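A.B. asks: structure, please.
(2 chains)
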There are 2 protein chains.
Amino acid sequence: MAFDLAVLGAGPAGYAAALEAAAQGLSVALIEKAHLGGTCLNQGCIPTKLLLGGTAAVEELENQARARVATGEIHVDFAALQTKKDRLLAATRKAMRARLDAAKVAVFAGQGRFLSPNTLQVTSERETAEVAFTTCVIATGAKPASFPGLAPDGQAVLDSTRFLALTAMPKSLIVIGAGYIGLEMAQAAHRLGAAVTLVDALDRVAATEDPETSKVLHTAFKRLKWDIRLGVRVQSLVTENSRAVLTLESGDRLEADLALVAVGRTPLTEDLGLDAAGITPDPRGFIPTNEYLEAAPNILAVGDVNGRIQLAHAASHQAGYAARRAAGKETGPYAPGPIPSILYGSPEALRVGLTAAQARAVAQADGGEVTVSRAQLVANPIAQAYAATQGQVQVVWSNDKVVGISAVGRDVSRLAVAACMIVEEAWTPADLHRVIFPHPTLDESLHEALCAPRQDQ
Amino acid sequence: MAFDLAVLGAGPAGYAAALEAAAQGLSVALIEKAHLGGTCLNQGCIPTKLLLGGTAAVEELENQARARVATGEIHVDFAALQTKKDRLLAATRKAMRARLDAAKVAVFAGQGRFLSPNTLQVTSERETAEVAFTTCVIATGAKPASFPGLAPDGQAVLDSTRFLALTAMPKSLIVIGAGYIGLEMAQAAHRLGAAVTLVDALDRVAATEDPETSKVLHTAFKRLKWDIRLGVRVQSLVTENSRAVLTLESGDRLEADLALVAVGRTPLTEDLGLDAAGITPDPRGFIPTNEYLEAAPNILAVGDVNGRIQLAHAASHQAGYAARRAAGKETGPYAPGPIPSILYGSPEALRVGLTAAQARAVAQADGGEVTVSRAQLVANPIAQAYAATQGQVQVVWSNDKVVGISAVGRDVSRLAVAACMIVEEAWTPADLHRVIFPHPTLDESLHEALCAPRQDQ
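C.D. replies: Numbering: from 1, shown residues only, chains lettered A, B, ... in the order given. Predicted coordinates:
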């Protein structure tokens, strides 16, 4: 069978590429070896958010209890929550399938493998098919990474996929990795009753964020009585007597019912027959792409697999471009606007555009002047109402134009879209009163930060 | 004493006017007969949000319990919540006072009254002062309205001010008025254990909103087992044997521990000596203003008192303009961007710009084509995670430009600022992919609504 476009992988990127290409009038084959929705829907963002949403009342009550406003007890039925999750994911996959069918996208279930720069072989348990294409979009995504001495063993040492499939939450959990994945899953585990130990080789949590964000997060997680070990190196993590046993290089030995290894994600480029397509992955396995997201003249790579940024919405945005390019509708290089990044849970963290450090690095090259303006959440009436006043909004300016916004605190993700628009439009002080921020909202902290004095530090 | 600017009333409008004028270099007198912060801080938006925030966990738990994910019980200590509220309000007033002092605004405690178009007399229990001014901004706000047969009596029939000062929540509450004030307070009462009866002469709740919004709200409040009586007329509401007794024109008689009358707010223009300033209020008591917010050549009226719109952020926005105009910095007419309007609680309702009906009325005059595009929350993963999938986002287009956005559902207020920017920028279909919406967020429903087919109905 021959198609205008073949898409490898039906995660957020592949799904978006297929639908957009179909909307552009192309004939499309979508090849997926596992589930529609990919990691994000099935083993990533969505199940994690269902766990965090389902347990949010626990956190809300804890906050009000600390403020001596409320007492009580909440029991979340983890098995019921997981059942609900499975039901919702199945319904979403079904809806995706219906939309693909309606768009006349041909869905192939199986592993895709290049035979040539214009042909893929799709192999499933039942059959083998050949798919010829004019253009191909590779959107195979990534899988949990592991390192020697730090490998999930399927017993007491789990990766994020296994963790999200648990049907009972352990009483104690060691989380290796204080990035987004580790922090979100640790919070879900905490709310479901697990005592959390958090371990990272770096010296702060959420190390991709501004250090001020990391500090607020750290304080919040300490308040949950987590055992947080930063700047430490793991010697081994193994299952002993059905328990996870972690030995640090310092000699410290920690035990828990289970351990979760969340040390990043590695691209899924093995078994694709990339050689036959004339593509060579980089040493870490990512597919290098040019400014048009092209890995070869007629093959584009989008999403986690190209190593640019590992976020679902970034992936689907790249995918839309790739599909339109396949249809001849995009001729310029791929130039996304600001890409929001959110840590979920409580507090949340948000980053759009540059951090202060990134802006200073750019300015050192360009000779710009970087300033930062801030608003603390402590005086915000909504933060007060939710008894969650720790946190801040930080605006990064370069030559008096907004180039970045970072925030940390309860519910700061609500600032994301407005922050993207403000960074995209590169607001100057003249823009500050263009929009009326509703009162009272947490959003006013963004306005307050925009209007606050701009400081060198 | 003589000032460049005298400001009457220290609510959101007066406070903003005073600070902005001081920042512009004017000498400023701020006159307030009661508390800094006015109704919004002391008897309005803020205390209501503190009640709703302090009880939010109750609602979150109810949602998850309905989804059979969680069980439990939450007891909110209403007295403790009210104590916390009083403490926070006092701290906010103190911070406001400090900021006014730092800006060298002269604060007068007392009732202001015009002696002439350039002089005010300020009378307090302790003293009388005369304040001469070049320009005056009237920002005296509004107070709860009442009608014959429907008057708070200070016993079992309360206005919103008295309701917010309660130290114990009654077991049953009749709320007269299904507008924003009534609905928010009824929700707080519900979460604090009161059985709610909601009564309105209009035939739907939140009648200022799009009918589709009203419908979702109605369903949600019915689910809380409220006794909702719409399209009914009150014959009398009185205290009998310490209980509130409501008699409808139909003859129905309803009883409750207390009743709250929330039938709107009436401007505070009595006792201002407006005659002496050459100002005549309209028949409802509002101060008429021209396109420069002027009530007289050197006197501007802002906020609730001018009858334009009763929202704190609209008031302070007008106030900023008025202060800059007093400083000679604004020469054009007052032209605010879209003003967001939010109903708090759960579900929330949001309106920015025009409703479909308003847009059609404009189009009938102008000959434009009005269409509506929608997204339902049911498929949104965050709505699913919070077990609150009722609701929608609705985009109103006129000639393929966005002129309004309405939304209803849990947490839809988070769309407010982005919605304002989109309406202000009058997005066309070409703008739809300008901003990357983060995944997964409720915000994606706004993007989905923007991208959905535009329909005539």
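
A.B. asks: residues contacting the residue most central in space within chain A?
C.D. replies: Residue closest to the average C-alpha location in chain A (Cα atoms, centre = their mean): A:L311, at 4.5 Å. Listed by Cβ atoms under 8 Å, 6 or more residues apart in numbering or on different chains, the contact partners of A:L311 are A:I339, A:S341, B:P438, B:H439. The C-beta positions use only the backbone N, C-alpha and C, and glycine is treated the same way.

A.B. asks: what backbone torsions are found at it?
C.D. replies: Note on A:L311: backbone dihedrals following degrees, to the nearest 10 are phi -140, psi 140.

A.B. asks: so which elements touch the least confident helix or strand in chain A by mean pLDDT?
C.D. replies: Ranked by mean pLDDT, DSSP states H and E, the weakest helix or strand in chain A is helix A:356-366, scoring a mean of 93. On a contact count with 3 or more Cβ pairs under 8 Å, 6 or more residues apart in numbering or on different chains; DSSP states H and E, helix A:356-366 meets strand A:370-376, strand A:392-398, strand A:401-409.

A.B. asks: what lines up beside the longest one in the sheet?
C.D. replies: This means strand A:401-409. strand A:348-353 (antiparallel), strand A:392-398 (antiparallel) (DSSP bridges).

A.B. asks: quick check: buried residues in the longest helix along chain A?
C.D. replies: Criterion DSSP state H: the longest helix present in chain A is helix A:78-102. By 16 or more other Cβ atoms under 10 Å in any protein chain shown, the buried positions in helix A:78-102 come out as A:F78, A:A80, A:L81, A:Q82, A:K84, A:K85, A:L88, A:L89, A:T92, A:R93, A:M96, A:L100.

A.B. asks: those: which ones sit near chain B?
C.D. replies: Within the set of the buried residues of helix A:78-102, contact with chain B (Cβ under 8 Å from any Cβ of the partner chain) is found for A:A80, A:L81, A:K84, A:L88, A:T92.

A.B. asks: can I get these in CSV with distance to A:P148 and pLDDT?
C.D. replies: Converted to CSV, those look like this (distance: Cβ to Cβ, whole Å; pLDDT from 0 to 100):
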residue, distance to A:P148, pLDDT
A:A80, 38, 97
A:L81, 35, 97
A:K84, 38, 97
A:L88, 37, 97
A:T92, 36, 97
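
A.B. asks: ok, now how distant is A:I405 from chain B?
C.D. replies: 12 Å (Cβ to the nearest Cβ, to the nearest Å).

A.B. asks: nearest spatial neighbour of that residue, skipping sequence neighbours?
C.D. replies: Residue nearest to A:I405 in three dimensions, not counting chain neighbours: A:A419, with 4.1 Å by Cβ to Cβ, 6 or more residues apart in numbering or on different chains.

A.B. asks: so which helix or strand takes in that neighbour?
C.D. replies: Using DSSP states H and E, A:A419 maps to helix A:416-424.

A.B. asks: what residues does A:E212 make contact with?
C.D. replies: Per Cβ under 8 Å, 6+ apart, neighbours of A:E212: A:Q392, A:Q394, A:S406, A:V408.

A.B. asks: that one: what secondary structure?
C.D. replies: Following DSSP: H, G, I helix; E, B strand; the rest coil, the label given to A:E212 is helix.

A.B. asks: ok, it to A:P281 distance?
C.D. replies: A:E212 is 36 Å from A:P281, where distance means Cβ to Cβ, to the nearest Å.

A.B. asks: contact partners for the one residue in the stretch 351-457 of chain A that gets nearest to chain B?
C.D. replies: Distances between the stretch 351-457 of chain A and chain B by Cβ to the nearest Cβ are smallest at A:A385, namely 2.5 Å. Residues counted as contacts of A:A385 (Cβ under 8 Å, 6+ apart) are B:K49, B:L50, B:L52, B:G53, B:G54.
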